[in-house]
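**Q** Give the three-dimensional model of this entry:
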Amino acid sequence: MRRWLMLIPLAIFLAMAGFLYKGLYLDPTELPSAMIGKPFPAFSLPSVDGGTPLTEADLKGKPALVNVWATWCISCRVEHPVLTKLAAQGVVIHGVNYKDVNADAQKWLKEFHNPYQLDINDEAGSLGLNLGVYGAPETFLIDSQGIIRHKFVGVIDETVWREQLAGKYQALVDEAQP
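**A** Next up, the predicted model:
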């Protein structure tokens, strides 16, 4: 009877080792999001350029990337040229300037070019909170009805766009065409 009791710690160790081993092969950019398949959260926030307030209705009509960015985000500076290139190629991109000083955001967009068709000023972070944002940069793919279809955490570079996001975006564009 005592021999079985000695196997319990071994069984616990093997279970924990298996769990940790499996974790070595998980993709850290694949953070789960409760927002997938749900409408973009309701909001009414000013635009970075100071125009009329924007709402979730303004995001509808065409599939788009919704990029959460900030001037304090070093990674956002790295991905910005790629987003600018994608926008020049016709990819619809909207920005959410997250927990940032609006004057800094305006200066950034003037200096580095503005790839965003709409740019939402989320200075308090309320929209980011409703989206479940962990930090910047994060990018959501939405369909033409404003439903969130995919979330990507991290820098969008040429490889990420080509291998992970371009196909998903094109599928949403194809789906939206009559």
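**Q** So which residue is dead centre in this protein?
**A** For the chain, T139 is the residue whose C-alpha lies nearest the centre (C-alpha atoms, centre = their mean; 2.0 Å).
**Q** so what's it up against?
**A** Contacts of T139 were listed using C-beta atoms under 8 Å, 6 or more residues apart in numbering, and they are L65, V66, N67, V68, K151, F152, I156, L165. The C-beta positions use only the backbone N, C-alpha and C, and glycine is treated the same way.
**Q** between those, which is closest to S126?
**A** Of all these, S126 sits closest to V68, with 12.6 Å by C-beta to C-beta.
**Q** who's in contact with that closest one?
**A** Taking C-beta under 8 Å, 6+ apart, one finds G95, V96, Y98, G128, L131, V133, A136, P137, E138, T139, F140 in contact with V68.
**Q** can you map out the strands along the chain?
**A** Assigned by DSSP state E, the chain shows strands spanning 44-45, 54-55, 64-69, 93-98, 118-122, 138-142, 148-153.
**Q** what's in contact with the first one?
**A** Taking C-beta under 8 Å, 6+ apart as the criterion, the residues outside strand 44-45 that touch it are P53, L54, T55, I120, N121, D122, S126, L127.
**Q** switch the cut-off to 6 Å
**A** Strand 44-45 is contacted by residues P53, L54, T55, I120, N121, D122 when judged by C-beta atoms under 6 Å, 6 or more residues apart in numbering.
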